[in-house]
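1. Just need the structure, nothing else, for what follows:
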Amino acid sequence: MPRYEMLNNIAHRDLRVATGFGPEFGDAVGMVPAYPSEFAELQREYPIFLRRDTASGAWQSVVLLGFEQHENLYLDEGRWNASYLPGAAAKGPFLIGFQENRIDGELTREAVLHVDLDHPRVNNSAGEPVFLPQGGNTPYLDHIATVLRGINDGHAFGAEMFAMLDAKGLIQPVTLDVQIDAEHRVGVNGLHAVDRDRLAALDGDALAELNRAGYLEGAYLMLASLHNMRRLIAEKQRRLRLQGRN
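-> Sure, this is the predicted structure:
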């Protein structure tokens, strides 16, 4: 279970974070959350899909990393083979929490960094330091803060964006059933995507509404990202060939 604490430069002055990649760090996952604030980067290398949260019914965008629950085809011998790391993976053990303060009699919520002290990346001996010796933030922590701001902003934007796309009938289920080779067939359940034909059939008013809200670009980026399924399939085929030789 995670053990989150509000980050501070006294209690966590010696904190370090391992920044390598591997199953030991929790990187062996078939998908991770994605956010519209990073779609422009993600669509170059990852297929972006949507999933509906079974509890809340809300939509969440995800990038597909593999065809099985614990398969990350971008992970290879301690490397993450992509030029852009999804924010959900880059943030490591950190998240944004909220602290309530009363200022001039008004209750406000302030965003503050939290760290999971039981995360496998966290230690006091190896990896990137979080704080400088005199107590200031390291460049690594500044980078993490930027990543988390993007996630926080993208989460709120995405909730409204996907609700509008759904209201216009643009989010449709995807049958992901892929014949990898003569002996291997893979599938992933529960995925949805923007329907290209339905998007093309929208009238001018609907397209203008999506564009004014800033959602049209995201819809097209999601569609463009699906070409990266070829990359995933090719990497799966390569690994199966390697297994066959061993």
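2. going forward, measure contacts and count neighbours with C-alpha atoms only.
-> OK.
3. Quick check: which ranges of this protein have low pLDDT?
-> 100-105, 107-108, 245-246 (pLDDT under 70).
4. Helices of that one, residue ranges please.
-> 39-42, 87-90, 139-167, 196-200, 204-213, 216-225, 229-245 (DSSP state H).
5. could those be laid out in CSV, adding mean neighbour count and distance to Glu110?
-> Shown next, in CSV, are these (neighbours: other C-alpha atoms under 10 Å; distance: least, C-alpha to C-alpha, whole Å):
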stretch, mean neighbour count, distance to Glu110
helix 39-42, 20, 27
helix 87-90, 17, 21
helix 139-167, 17, 13
helix 196-200, 13, 39
helix 204-213, 13, 27
helix 216-225, 19, 29
helix 229-245, 14, 40
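6. So which of the ones you listed is nearest Gly190?
-> Counting by C-alpha to C-alpha, Gly190 lies closest to helix 139-167 out of these; the figure is 15.5 Å.
7. Give me the angle between the closest one and helix 216-225.
-> 100 degrees (axes from the mean of the first three to the mean of the last three C-alpha atoms, to 10 degrees).
8. Out of the helices of the chain, which is closest to Glu68?
-> helix 229-245 (10.8 Å).
9. Can you name the residues that contact the nearest residue to Pro173 once chain neighbours are set aside?
-> In this structure, Pro173 finds its nearest non-sequential neighbour in His192, 4.1 Å apart by C-alpha to C-alpha, 6 or more residues apart in numbering. By C-alpha atoms under 8 Å, 6 or more residues apart in numbering, the residues touching His192 are Phe49, Leu50, Arg51, Ile171, Gln172, Pro173, Val174.
10. picking up where we left off before, of all the helices of the chain, which one comes closest to Arg185?
-> With C-alpha to C-alpha as the criterion, Arg185 lies closest to helix 229-245 of the helices of the chain, at 10.7 Å.
11. okay, the helices of the chain in TSV with distance to His114 next?
-> Formatted as TSV, the helices of the chain follow (distance: least, C-alpha to C-alpha, whole Å):
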stretch	distance to His114
helix 39-42	25
helix 87-90	15
helix 139-167	11
helix 196-200	40
helix 204-213	32
helix 216-225	29
helix 229-245	34
